[in-house]
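Visitor: Sequence first, predicted model second:
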Amino acid sequence: MTEQFVRGHSLFVRRYFTEREYFANLAKKQTPRALYIGCSDSRVVPELLTSSGPGDLFVLRNIANYVPTLDHPDASVGAAIDFAVAHLGVPDIIICGHTGCGGVKAALDDLVGIGPQTPSLREWLEGLLPAAATAKAAGRSPEETFRTAVEENVLLALENLLTYPSVRARLDDGTVRLHGWVYDIGSLTLSVFDPDREAFVASAASQPAG
């Protein structure tokens, strides 16, 4: 089953053969332009949807692009944040949610069906319940509520980022910027949170030409 990926690596080597010098330099040091925190969903590929190459993004992916607070028992997310912010000095942090997110939907359904056989998944998704509750309280249609919950989950992640001293220090000295995105898998549209409007707005740059 994995043979296709091995063959894919051969294609990768042939495709980038002429850029060996670039990769040789990349092997010595990484200076990514952003920390990208997104969902593990196989349909959402950060480098693909941003047309980025090796070395451009420091990527952290997990179920439902969730960022827990600093005191969460799982330190893996915080470790990646600290490394990217304090050691690599990324100038931007992007939280990218997406439509049709299974983790967000599970939170909207109050984790029904997430049973004792998957305790780690249940514990993780409990962190999304506040965002789901905010979306349901708006009293919109099921489709609008789902979209709102995805957006609220991104905003919750941005808020939780502020509990990390490494992020707070860089924000205080103005050397890092935070961004909230929602990617629509079906339409390929990227919406960006506008603090002035307090809303996610479709990016004109993400619209197809013509």
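Guide: Received, thanks. Given the structure is predicted, the values throughout are model-derived calculations rather than measurements. Residues are numbered from 1 along each chain as shown.
Visitor: Quick check: end-to-end length of stretch 158-167?
Guide: Start and end residues of stretch 158-167 are separated by 11 Å (CA to CA, to the nearest Å).
Visitor: mind listing what's buried in that stretch?
Guide: If you call a residue buried by 16 or more other CB atoms under 10 Å, then stretch 158-167 has these buried ones: 158, 160-161, 164, 166-167. The way it works is simple: take the backbone N, C-alpha and C, and place the C-beta from them, glycine included.
Visitor: Determine which two of those are furthest apart.
Guide: 158 and 166 (15.1 Å; CB to CB).
Visitor: returning to that earlier point: between the buried residues of stretch 158-167, which is nearest residue 81?
Guide: residue 164 (5.5 Å).
Visitor: got a list of what that closest one touches?
Guide: 70, 78, 81-82, 85 (CB atoms under 8 Å, 6 or more residues apart in numbering).
Visitor: Give me the distance from the longest helix along the chain to the chain's centre.
Guide: Using DSSP state H to define each element, the chain has its longest helix at helix 142-161. On the basis of CA atoms, centre = their mean, to the nearest Å, helix 142-161 sits 12 Å off its chain's mean C-alpha point.
Visitor: now do stretch 31-49
Guide: From the chain centre to the centre of stretch 31-49 is a distance of 6 Å (CA atoms, centre = their mean).
Visitor: follow-up on the earlier one: which parts of the longest helix of the chain are buried?
Guide: The neighbour-count check on helix 142-161 (16+ other CB under 10 Å) flags 145-158, 160-161 as buried.
Visitor: can you check stretch 168-176 too?
Guide: 170-171, 176.
Visitor: contacting residues around it?
Guide: So stretch 168-176 is in contact with 85-86, 89-93, 162, 167, 178, going by CB under 8 Å, 6+ apart.
Visitor: just for this protein, where's the confidence low?
Guide: For the chain, applying pLDDT under 70 flags the ranges 206-210.
Visitor: all strands of it, in order?
Guide: Using DSSP state E, the strands found in the chain span residues 34-39, 57-62, 92-98, 177-183, 190-194, 199-202.
Visitor: List the contacts of the shortest one.
Guide: What it means is strand 199-202. Contacts of strand 199-202 (CB under 8 Å, 6+ apart): 151, 180, 182, 189-194.
Visitor: pretty sure residue 121 contacts residue 66?
Guide: No: taking CB atoms under 8 Å as the definition, residue 121 is not a contact partner of residue 66, at 11.5 Å.
Visitor: Between these two, point out the one with more neighbours.
Guide: residue 66 (26 against 15; other CB atoms under 10 Å).
Visitor: I'm done for today, thanks for sticking with me.
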